[in-house]
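*Asks:* turn this into a model:
(one chain, ligands or ions: 1)
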Amino acid sequence: MNALEINPSGKYIDVTFGGGGHSRAILEQLNSDGKLFAFDQDKDAVKNIVDDERLTFVPQNFRHLHRFLKVYDADSANGYNGILADLGISSYQIDTPERGFSIRYEANLDMRMDVSLETTAADILNTYSAEQLQNIFSSYGELRNSKTLAELIVKERLNAPFKTTTDFISRIDSCIRGHRPRYLAQVFQALRMEVNQEMNSLEELMKQSSEVLAKGGRMVVLTYHSLEDRMVKNFFKAGNASGEEEKDLFGHSEKIFTLVNKKPITATEEEIKENPRARSAKLRIAIKN
Ligand SMILES: C[S@@+](CC[C@H](N)C(=O)[O-])C[C@H]1O[C@@H](n2cnc3c(N)ncnc32)[C@H](O)[C@@H]1O
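*Replies:* Next up is the predicted model:
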């Protein structure tokens, strides 16, 4: 909330509404002229909407931010004072067994945040080539033995397709290295990021955020994965995913954002003790020039 430096009569966007915790905190700081647009691609998030005329809930993926703001906000062209993104999955999603996000429960291998998407985690395991699987396990899961795991999956699925979380876990047992829950959490994280095309959505969000923010508007992003953090850092630094500054014919580069904090802000030991899910969180803040 401090990072957003809320202007009480300003216009804000919470692109990851989830349980609505951040949105409620923003609404508390807005006066009757303030406005909040909240996105979530998970239809279950609708249950958490609060009855408040300053809030407009947009049940969409934030990769379509610009398009849906035009649809939902008649004067969207004037620009927004702040955007907040708290990426990844919510505690509600991970703790709801039937969504298939958790290594702790038996469920179908689903992992879609938006249940209208076509591809589930089972589809990926049953159809991707060994090379594609290896890529997602090594880049999104950061697993050291991603090739062995990918090859085992391709061999195992010849016996029977993968359907449930528990069956999948038991069939990859021989590949598990180190701390078992950690290894499995990394496998599940990789599948989830692929099912929901999370890196692509984040890149779209970052591209569109600079078009949507007013001059002086603040962008605040919480990431939970090193690739996400790098993407955010590169956009804040150079205005693109690669992080390379683009110069015009005269060798000038126009900075889109000014960084507020050079290093990402992380949770204190004390906070992590209270809320272990904050362990991997990194917070970056930038101001639109
Ligand atoms: C970590 S939770 C956010 C929790 C929220 N800040 C709160 O206070 O309750 C992330 C939420 O973002 C949603 N989400 C993730 N990626 C999204 C995307 N590309 N578009 C829209 N919503 C997304 C998820 O469905 C989930 O509900």
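
*Asks:* nearest residue to Leu143 in space, please, no chain neighbours.
*Replies:* Sequence neighbours aside, Phe137 is the residue nearest to Leu143 in space, at 4.8 Å (criterion: Cβ to Cβ, 6 or more residues apart in numbering). (Each C-beta comes from the backbone N, C-alpha and C, glycine too.)

*Asks:* the one you found belongs to a helix?
*Replies:* Yes - under DSSP: H, G, I helix; E, B strand; the rest coil, Phe137 falls within a helix.

*Asks:* quick one: residues contacting it.
*Replies:* By Cβ atoms under 8 Å, 6 or more residues apart in numbering, the residues touching Phe137 are 143, 146, 149-150, 187, 190.

*Asks:* CSV for those residues, including pLDDT and distance to Tyr72?
*Replies:* Listed next are the contacts of Phe137 as CSV, based on pLDDT from 0 to 100; distance: Cβ to Cβ, whole Å:
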residue, pLDDT, distance to Tyr72
Leu143, 97, 40
Ser146, 98, 41
Leu149, 98, 43
Ala150, 98, 42
Val187, 98, 37
Ala190, 98, 33
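
*Asks:* so which of these is the closest to Tyr105?
*Replies:* The nearest member of the contacts of Phe137 to Tyr105, counting by Cβ to Cβ, is Val187 at 15.2 Å.

*Asks:* kindly confirm my reading that the closest one is in a helix.
*Replies:* Yes - under three-state DSSP, Val187 falls within a helix.

*Asks:* that one contacts Leu143, correct?
*Replies:* Yes - judged on Cβ atoms under 8 Å, Val187 makes contact with Leu143 at a distance of 7.0 Å.

*Asks:* shared neighbours, these two?
*Replies:* Both Val187 and Leu143 are contacted by 137, 149, under the criterion Cβ under 8 Å, 6+ apart.

*Asks:* how many neighbours does Asn7 have?
*Replies:* Asn7: 18 surrounding residues under other Cβ atoms under 10 Å.

*Asks:* the residue most central in space within the chain: what's it in contact with?
*Replies:* The centroid of the chain falls nearest to Leu87 when counting by Cα atoms, centre = their mean (3.0 Å). For Leu87, the contact set (Cβ under 8 Å, 6+ apart) comprises 16, 198, 202, 221-225, 228.

*Asks:* can you flag which of those residues belong to strands?
*Replies:* Those of these mapping onto strands are 221-223, per DSSP state E.

*Asks:* ok, the residues you listed vs the ligand, which is closest?
*Replies:* Leu222 (7.6 Å; Cβ to the nearest ligand atom).

*Asks:* could I get the ones in strands among the contacts of Leu87 as TSV with distance to the ligand?
*Replies:* Formatted as TSV, those follow (distance: Cβ to the nearest ligand atom, whole Å):
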residue	distance to the ligand
Val221	12
Leu222	8
Thr223	10
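
*Asks:* out of these, who's the most crowded?
*Replies:* Val221 (29 neighbours).

*Asks:* distance of the closest residue to Arg277 other than its chain neighbours from the ligand?
*Replies:* Nearest residue to Arg277, sequence neighbours excluded (Cβ to Cβ, 6+ apart): Ser91, at 6.7 Å. Applying Cβ to the nearest ligand atom, to the nearest Å, the value for Ser91 to the ligand is 8 Å.

*Asks:* number of nearby residues for Ser91?
*Replies:* So Ser91, with other Cβ under 10 Å, has 12 neighbours.

*Asks:* before we move on, what about Ile136?
*Replies:* 20.

*Asks:* what separation do you get for it and Gln60?
*Replies:* 25 Å (Cβ to Cβ, to the nearest Å).

*Asks:* quick one, helices of the stretch 51-200 of the chain?
*Replies:* Ranges of helices in the stretch 51-200 of the chain, per DSSP state H, counting those that start in this stretch, are 65-72, 91-95, 121-127, 130-139, 146-156, 165-171, 180-195, 198-212.

*Asks:* ok, which of the ones you listed comes nearest Val50?
*Replies:* helix 91-95 (15.7 Å).

*Asks:* okay, the closest one in PDB with CA atoms only?
*Replies:* What follows is helix 91-95 as a C-alpha-only set of coordinates in PDB (Å, rounded to 0.1, in the frame of the first residue of the first chain):
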ATOM      1  CA  SER A  91      -3.900 -19.400  -1.200                       C
ATOM      2  CA  TYR A  92      -7.600 -20.200  -2.000                       C
ATOM      3  CA  GLN A  93      -6.600 -21.800  -5.300                       C
ATOM      4  CA  ILE A  94      -3.800 -23.900  -3.800                       C
ATOM      5  CA  ASP A  95      -5.900 -25.000  -0.800                       C
END
